[in-house]
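K.L.:
Predicted model follows, preceded by the sequence.
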Amino acid sequence: MLSTIYQISTKPIQEDELLDRDLISEGDEVNISYVKNPCDDRSKFVAYLVNNVLPEGMFQVADENTIIYNGGYEGWLETQCQKIKALSYSLNPANPKDCKYTFFSLRRSLVDPLATSDLFVTFFHDGVGVAERSSEIMNIIRDLKKGDKLYLGSIYTYHD
């Protein structure tokens with residue numbers, strides 16, 4: 001399946017900090033078969049990130065390198081916590097087959113709370129970065145204040 005890798009930071013990303021596609025490593029729960037060349041239409045990928053990947057209404061596009069936080073993390077977190085509680089309450093040792101699915105769903109909710117195949121590189125240096133599931137970007141968003149910006153660097157597609 002073809003998905004996207006977004007390089008994202010709370011600070012503007014300089015040209016020498018852009019990811020080299022051959023130096024992107026896999027984080028936890030990540031499997032990358034190959035990374036394709038940078039995307040041609042950045043604005044399309046940035047719009048997709050804001051409108052389809054990140055929680056609805058949480059961001060707006062400023063330009064093809066910047067998105068602006070509108071708020072909403074607390075509401076998203078409350079919904080996510082309710083989802084996790086519901087999954088944990090459904091655990092029933094009397095039916096181990098159901099437990100297997102529930103454990104998988106719980107782990108997935110914690111590692112990839114946005115339930116997306118897209119990956120995020122939030123830690124990088126000299127073109128090297130680690131692609132992670134969405135828990136990493138949500139940890140960054142947790143500390144944002146309304147009006148704060150996130151900056152986008154490299155955007156690649158990858159196949160898992």
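P.N.:
Arrived safely, thanks for sending. Numbers count the residues shown, from 1 in each chain.

K.L.:
Which parts of the chain are helices?
P.N.:
Taking DSSP state H as the criterion, the chain contains helices spanning 42-48, 73-89, 96-111, 135-142.

K.L.:
Gly57: which of these is closest?
P.N.:
helix 73-89 (9.5 Å; C-beta to C-beta). C-beta coordinates here come from the backbone N, C-alpha and C atoms, glycine included.

K.L.:
same question for that closest one, mean pLDDT?
P.N.:
Within the predicted structure, the mean pLDDT of helix 73-89 is 93.

K.L.:
so what's the most centrally placed residue in the chain closest to, chain neighbours aside?
P.N.:
Centroid-nearest residue in the chain: Ser134, 3.1 Å away (criterion: C-alpha atoms, centre = their mean). What sits nearest to Ser134 in space, not counting adjacent residues and going by C-beta to C-beta, 6 or more residues apart in numbering, is Leu114, at 3.8 Å.

K.L.:
for Leu49, same thing?
P.N.:
Tyr6 (6.1 Å).

K.L.:
from what I can see that neighbour touches Thr157, true?
P.N.:
No. Between Tyr6 and Thr157 there is no contact under C-beta atoms under 8 Å: 10.6 Å.

K.L.:
Who has more neighbours out of these two?
P.N.:
Tyr6 (24 against 17; other C-beta atoms under 10 Å).

K.L.:
picking that back up, now do the residue nearest to Leu49 against Tyr48, distance only.
P.N.:
Tyr6 sits 10 Å away from Tyr48, going by C-beta to C-beta, to the nearest Å.

K.L.:
Then Leu77?
P.N.:
23 Å.

K.L.:
Ok, Glu17 next?
P.N.:
Separation of Glu17 from Tyr48 (C-beta to C-beta) stands at 23 Å.

K.L.:
Tell me which of the two has more neighbours.
P.N.:
Using other C-beta under 10 Å as the criterion, Glu17 and Tyr48 rank with Glu17 on top: 18 against 15.

K.L.:
State the number of residues packed around Val89.
P.N.:
I think there's a mix-up here, since residue 89 is Tyr and not Val. Neighbours around Tyr89, by other C-beta under 10 Å: 9.

K.L.:
er, Ser33 actually
P.N.:
Residues near Ser33, counting by other C-beta under 10 Å: 8.

K.L.:
My read is that it contacts Ser3, right?
P.N.:
No. Using C-beta under 8 Å, Ser33 is not in contact with Ser3, being 10.9 Å away.
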